[in-house]
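no sequence on this one, just coordinates:
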C-alpha cells in the first residue's frame, strides 16, 4: 500500500462536502473510499471539479448554480436568479460561459419571443457578466431572434416604465451582440463574415491549428496545443489563489513551449483590463474551439 498516495487521498478528502466510508480491498492491498447513493452526485461533482482545477480546465457547474440557470429559464421572476448568478460572478465564484449547453441557450432565445420584460432584464444581466457562451449563442441564433431584437429596439417609447424596461434591456442585449460581431451593424443581420465571436472580440487571428500572434511587434506563429497548454497552466495557478499580476516568464511553471503563448496572453489581458483574468482565459480558449 503506497503510504504517500494514502496520505494524499486523506488530505484531499479532509474538506469533502459529503459523507463517505472507508474500507480495504479483498487482498488488503488498497484502501477504498466510497459513498452511498444519496451522496454519489456530490462526490462525482467534487472529483470532477478537483481534476479540472488541477489541470487548469474550466470548472463544472454545481447543482446550486444549475438550479439558478434553470430558474432563469422557467421562473416567473427570472431576473432574480440572473442577479444571483451575477453576484456569484462579481465575487469571483463563477467565471464566464457558465450557460453553455446548446439546448439551454436556445431556450433562452425562445423565451425572448414571449416578450416578458423581466426576462429581457435577466438575459441582459447574464450577457453583461459574460455568463452566456457567445459561441454557442452565435450557433443557435436564428433570423427570427434578430428580427425580434430589431423590432423592439426600433419601436416607439412607451409610457409604461415596465414595457420601456424591456426595450432598454433589448437595446443592451443587441449592443452586446454587436460588440461580439454576432450582429453586423451595417445590415442589422447575423454576421456571416465570422465563425467565432470570441476570435473577433479578443482579436485573435486563427488559421487551422495556428494562431498568428503579434508579440512585441513581431508576428509569431503559435500552435493551438501550446496556446491551450498556456491557458490551462495560467488558470491552474489562478485556481491556487495566485494573482495574474504576479506571473511572468520567469515563473517556475513556464516551459519553453508555452513561453510565447504566455507572453501573447499577457498582452491580450493587458489590452482588456475590463475583463477578469478567468473570463478572458475562457474567451481565449473558446476563441480557438474547433
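Thanks, I have it. Please read all numbers here as calculations on a predicted model, not as lab measurements.

correct me, but residue 227 touches residue 288?
Yes - using C-beta atoms under 8 Å, residue 227 makes contact with residue 288 at a distance of 6.2 Å. Backbone N, C-alpha and C define where each C-beta goes, glycine included.

Find residues that contact each of those two.
residue 211 (C-beta atoms under 8 Å, 6 or more residues apart in numbering).

okay, the two: which has more neighbours?
Neighbour totals were compared for residue 227 and residue 288, and residue 227 leads with 26 against 21 (other C-beta atoms under 10 Å).

sec struct for the more buried one, please.
helix (DSSP: H, G, I helix; E, B strand; the rest coil).

which stretches of the stretch 51-200 of the chain form strands?
Ranges of strands within the stretch 51-200 of the chain are 183-184, 189-190, based on DSSP state E, counting those that start in this stretch.

now, of those strands, which is deepest in the fold?
Most buried of these, by mean neighbour count (mean count of other C-beta atoms under 10 Å): strand 183-184, with a mean of 20.

Give me the distance between that strand and the centre of its chain.
Offset of strand 183-184 from its chain centre (C-alpha atoms, centre = their mean, to the nearest Å): 22 Å.

What is it packed up against?
Under the contact criterion of 3 or more C-beta pairs under 8 Å, 6 or more residues apart in numbering; DSSP states H and E, strand 183-184 touches strand 189-190.

in its sheet, what does the strand it packs on sit against?
strand 183-184 (antiparallel) (DSSP bridges).

List of residues touching the partner strand?
Contact with strand 183-184 is made by 146, 149, 174, 177, 189-193, as judged by C-beta under 8 Å, 6+ apart.

With stretch 59-71 instead?
With C-beta under 8 Å, 6+ apart, stretch 59-71 has contacts from 41-42, 45, 48-49, 52-53, 78, 80-81, 84-85, 88, 94-95, 98-99, 104.

Likewise for stretch 172-179?
120, 123-124, 127-128, 141, 149-150, 153, 183, 185, 201.

what is the rounded mean pLDDT of that stretch?
Average pLDDT, stretch 172-179: 95.

Relative to residue 42, how far out is residue 48?
Here the distance between residue 48 and residue 42 works out to 11 Å (C-beta to C-beta, to the nearest Å).

Next: residue 64.
11 Å.

Switch the strands of the stretch 51-200 of the chain over to TSV; also include mean pLDDT and distance to residue 108.
Converted to TSV, the strands of the stretch 51-200 of the chain look like this (pLDDT from 0 to 100; distance: least, C-beta to C-beta, whole Å):
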stretch	mean pLDDT	distance to residue 108
strand 183-184	94	16
strand 189-190	94	16
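
Redo the ones you listed as TSV? Include distance to residue 12.
Below are those laid out as TSV (distance: least, C-beta to C-beta, whole Å):
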stretch	distance to residue 12
strand 183-184	46
strand 189-190	47
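
For residue 212, find the nearest of those strands.
strand 183-184 (23.7 Å; C-beta to C-beta).

What score does residue 17 have for pLDDT?
In this model, residue 17 carries a pLDDT of 81.

er, residue 61 I mean
Value listed for residue 61 in the pLDDT field: 96.

So which of residue 48 and residue 42 has more stuff around it?
residue 42 (17 against 13).

Tell me the spacing between the more buried one and residue 63.
From residue 42 to residue 63 the distance is 8 Å (C-beta to C-beta).

Same check on residue 198?
From residue 198 over to residue 63 the distance is 28 Å, taken as C-beta to C-beta.

Between the two, which is the more surrounded one?
More crowded of residue 198 and residue 63, by other C-beta under 10 Å: residue 198, with 25 against 9.

nearest spatial neighbour of the more buried one, skipping sequence neighbours?
residue 287 (3.9 Å; C-beta to C-beta, 6 or more residues apart in numbering).
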